[in-house]
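1. dropping the sequence and predicted coords here.
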Amino acid sequence: MKTTVNGIQISYERRGRGTPLLLVHGFPLDHSIWEPVVPLLEADFDLILPDLRGFGASEVPSAEATMDDFAADLAGLLDHLGIEKAAVAGHSMGGYVTLALARAWPERVTGLGLVASQALADSPERKAGRLEEAERILAQGVGGVAEGMPGKLTASPVLQGALRELILRQQPAGLAAALRAMAGRPDSSSLLMGFDGPVVIVHGQADALIPVERAREARDLAKRGTLVEIEAAGHLPMMEMPGETAQTLKGLS
Ligand code: MLT
C-alpha cells in the first residue's frame, strides 16, 4: 500500500491484529527483512511495515535527510492509519529512527524495540567515513555497497545472496540521504534513561557492525530494559534467528 506523508509517497504493508507495532528496517534494506518474523507476530500485533523514504518502494525525495525526517514520516503514517499510540521496533538504523520518533513524540510510543542497534551517536571518524561513502555512492552507484555489505550483515551465504539483490534494488540518493542522516544523529542515551515503557533489545553476539557491548549499555541505561543475546546471530537476528527475535519482540505486546 502507498500513501503520501509530508509530501512523499511512503510504501508500507500492514499485517496481523492486536497491539500496533511499527517495524522499521535498517540500512541499506527495506521492510522485506521482517518477513521471517511476520508469521510469528501477526497473531499478537497489528504490524505496520514501512519502507523508509528513499528505500524499497517508497519515494526518493532527495539525497539529504535527517533522522527526524524519517521519524516524522512514520508519525504521519500512524496518523494516516488512525493509530494514536504504537510500540516501535527498529533494526540498526531503524533503531536510530525509533529513538528519534520516541524523542519527538514520546506520548505516542508505548514501547521500544532495538534489534542490532545502539543509542550512541557516531564518532567523528565514523561520521566522516559515512559522508565520504555518501559521495561515493552518488558518484558510483550502489554496486560497491551490494558487494561489500552482505558479508558484514551475516555469515549465511544464502542470506548474503538475497541481500545483494535487495541492495542492488535501492537508489543511490536514498542511501546517501540515510548515511547523512546517520552521521548527524544525536546521542540517545538520555532519551533511553527517561523512557518509561519497556525497551526490548535483541542482539547477535556475532554482530560485525555493532558490537554486542552497545546493546548491553542500552539495556543498562533503560529503566525497563531487557536484552536477549543470540549467540549464532550476526547483524540480522530477524532473518538469522526469527524465532528468538519474535519471542523477544512479544515483550512489546
Ligand atoms: C544498519 O545496519 O542500519 C547500519 O549499518 C547501521 C550503522 O551503520 O550504524
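-> The structure has been received and is ready for your questions. Numbering: from 1, shown residues only.
2. around the ligand, pick out the residues from this structure.
-> Selection of the chain residues close to the ligand by CB under 6 Å from any ligand atom yields G26, F27, S92, M93, M182, L209. Where C-beta positions appear, they are placed from N, C-alpha and C, glycine not excepted.
3. just the buried residues of those residues.
-> Among those, the ones that count as buried by 16 or more other CB atoms under 10 Å are G26, F27, S92, M93, M182, L209.
4. how about the second one, nearest residue that isn't a chain neighbour?
-> The one in question is F27. M93 (4.2 Å; CB to CB, 6 or more residues apart in numbering).
5. tell me who's in contact with the one you found.
-> G26, F27, S117, A178, M182 (CB atoms under 8 Å, 6 or more residues apart in numbering).
6. 10 Å instead, please
-> 24-29, 52, 55, 67, 70, 116-117, 178-179, 181-182, 185 (CB atoms under 10 Å, 6 or more residues apart in numbering).
7. quick one: which of these sit in strands?
-> Of the positions in the contacts of M93, V24 sit in strands, assigned by DSSP state E.
8. can you pick out the most distant pair from the residues of the chain next to the ligand?
-> With distances taken as CB to CB, the most widely separated pair in the residues of the chain next to the ligand is M182 and L209, at 11.8 Å.
9. what touches both of the two?
-> Common neighbours of M182 and L209, counting by CB under 10 Å, 6+ apart, are G26, F27, S92.
10. can you show me the strands along the chain?
-> Secondary structure of the chain by DSSP E: the strands cover 2-5, 8-15, 19-24, 45-50, 86-91, 109-115, 199-204, 225-230.
11. next, format those strands as JSON lines and append distance to E125 and mean pLDDT.
-> Below are these laid out as JSON lines (distance: least, CB to CB, whole Å; pLDDT from 0 to 100):
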{"stretch": "strand 2-5", "distance to E125": "34", "mean pLDDT": "98"}
{"stretch": "strand 8-15", "distance to E125": "32", "mean pLDDT": "98"}
{"stretch": "strand 19-24", "distance to E125": "26", "mean pLDDT": "98"}
{"stretch": "strand 45-50", "distance to E125": "31", "mean pLDDT": "98"}
{"stretch": "strand 86-91", "distance to E125": "24", "mean pLDDT": "98"}
{"stretch": "strand 109-115", "distance to E125": "23", "mean pLDDT": "98"}
{"stretch": "strand 199-204", "distance to E125": "23", "mean pLDDT": "98"}
{"stretch": "strand 225-230", "distance to E125": "27", "mean pLDDT": "98"}
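12. for the ligand, give me its nearest residue in the stretch 101-250 of the chain.
-> L209 (5.0 Å; CB to the nearest ligand atom).
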